[in-house]
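# Give me a model of this one.
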Amino acid sequence: MYRLFVTASAAAVLSTGAIFGFFYAWVCSTMWGLDDAAPHVAIEAMRAMNASVRNIVFAPAFFATPFVLVATAALARRLRLHRAALFFLAAGLVYLVGGMVLTLAINVPLNDALAAATVPGDTAGAQRVWDDYSGRWQAWNLARTVASGLALLLATVGVAVAAAGRAASMPGAASHRGV
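The predicted model follows:
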């Protein structure tokens, strides 16, 4: 059972790290680059990226992460690693609300609105469309980046707490405390 927990813990940290890295890349490079591009180019590029992200490679990290975290919490609880279970459960809830729900409730509708928008042919009109979209999208993306970063931190602490709890429960552990 402990080996299954170790595997689940690794999958939990890996998937949470993948989604945090995905959101973080948008914060520190992608959107800044699009903001510096001509507005027609930025709009078309964003539309293309939004259409392409709905794929089999992205889906597991985005959709499965909260379930992997909660399953890892359940395994930790079953192994009586209760403190670790709380960290994994908290990570799952933080990502579920701050990453997945926020994305589906705010960022996706913004993306859909941009996809459906009629973009004026003149640069000033296109710039207004882009500015209206980009600022709001980036603010909410920063929120989901912080949430997924916090989830990653909580999952990592869960691993450390589990390891410490496991070590403390091993024969002879009491004689090594305080060393």
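
# tell me which element the closest residue in space to residue 148 that isn't next to it in sequence falls in.
If the residues on either side of it in the chain are set aside, residue 148 comes closest to residue 20, at 4.1 Å by Cβ to Cβ, 6 or more residues apart in numbering. No exception for glycine: its C-beta is placed from N, CA and C like everyone else's. Following DSSP states H and E, one finds residue 20 within helix 2-25.

# Who are the packing partners of that helix?
On a contact count with 3 or more Cβ pairs under 8 Å, 6 or more residues apart in numbering; DSSP states H and E, helix 2-25 meets helix 65-78, helix 82-95, helix 123-168.

# tell me which residues in that helix are buried?
Buried positions in helix 2-25, judged by neighbour count with 16 or more other Cβ atoms under 10 Å: 5-6, 8-9, 11-13, 15-20, 22-24.

# Residue 169: which of those residues is nearest?
Checking the buried residues of helix 2-25 against residue 169 by Cβ to Cβ gives residue 5 as the nearest, at 13.2 Å.

# give me every residue that touches that closest one.
72, 75-76, 79, 81, 162 (Cβ atoms under 8 Å, 6 or more residues apart in numbering).

# same thing but 10 Å
Counting by Cβ atoms under 10 Å, 6 or more residues apart in numbering, residue 5 touches 71-72, 74-76, 78-79, 81, 84, 88, 159, 162, 166.

# So, low pLDDT: which residues of this protein?
167, 170-179 (pLDDT under 70).

# Determine the number of other residues adjacent to the spatially closest residue to residue 125 that is not a sequence neighbour.
Nearest residue to residue 125, sequence neighbours excluded (Cβ to Cβ, 6+ apart): residue 119, at 7.4 Å. Residues near residue 119, counting by other Cβ atoms under 10 Å, number 16.
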